[in-house]
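> The sequence isn't on hand, but the structure is:
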Ligand SMILES: [Zn+2]
Ligand SMILES: [Zn+2]
């Protein structure tokens, strides 16, 4: 068992994988996500992420996370977007602009190197998951 403190409320919970957030906070966050999504759908002309964040009572960074996870996307005519993690160009979803994606595919940019520290625990979690699947298969 892997017990950790929730990063949002500080409560101790059984950590499985992904973000270090307890189930109650994940649920609250999920409700916020739906709220933000609905708000964006109803306010297609909303000027910026900051406006949406203030209207919904969510942190700007949280909204950016959802965009990077490609859970939130914007139309080409929307003024909203986030910066490419590599060159800083404004993009509509994901982490990199088309140009940088292309460079990454060609090996010109080391995408893993951009946030190696951030992805390290997740890699371990997926290794553990793979091992568990292996054990399941043997039964
Ligand atoms: Zn919590
Ligand atoms: Zn870029």
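That came in fine, so what should we check first? All figures in this text were calculated on a predicted structure; none of them were measured in a lab. Ligands and ions are numbered 1, 2, ... in the order given.

> This structure against ligand 1: which residues are in contact?
Contact residues, the chain versus ligand 1 (C-beta under 5 Å from the ion): 6, 8-9, 11, 22, 25. The C-beta positions use only the backbone N, C-alpha and C, and glycine is treated the same way.

> need the residues of the chain near ligand 2, please.
Residues of the chain found near ligand 2 (C-beta under 5 Å from the ion) are 84, 86-87, 89, 97, 100.

> what ranges do the strands span in the protein?
Applying DSSP state E to the chain gives strands spanning 3-5, 12-14, 82-83, 90-91.

> out of these, deepest packed?
Ranked by mean neighbour count under mean count of other C-beta atoms under 10 Å, the strands of the chain are led by strand 82-83, which reaches a mean of 18.

> Sheet-wise, list the partners of that strand with their directions.
Next to strand 82-83 in the sheet, as set by DSSP bridges, lie strand 90-91 (antiparallel).

> State the mean pLDDT of the partner strand.
Averaging the model's pLDDT scores along strand 90-91 yields 90.

> ditto for stretch 2-21
Along stretch 2-21, the predicted confidence averages to a pLDDT of 92.

> Now that stretch: buried residues?
Buried positions in stretch 2-21, judged by neighbour count with 16 or more other C-beta atoms under 10 Å: 6, 13, 15, 21.

> and of those, the nearest to ligand 2?
When the buried residues of stretch 2-21 are compared for distance to ligand 2 (C-beta to the ion), residue 21 comes out closest, at 29.0 Å.

> what are the phi and psi angles of that closest one?
For residue 21, the backbone dihedrals are phi -130, psi 140 (criterion: degrees, to the nearest 10).

> Quick one: residues contacting it.
For residue 21, the contacting residues are 6-8, 29, taking C-beta atoms under 8 Å, 6 or more residues apart in numbering as the criterion.

> Looking at these, which are in helices?
Secondary structure defined by DSSP state H assigns residue 29 of these to helices.

> coming back round to it: present the residues of the chain next to ligand 1 as a markdown table; the columns should include distance to residue 106.
As requested, those are arranged in a markdown table below (distance: C-beta to C-beta, whole Å):
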| residue | distance to residue 106 |
| --- | --- |
| 6 | 40 |
| 8 | 39 |
| 9 | 44 |
| 11 | 45 |
| 22 | 41 |
| 25 | 40 |
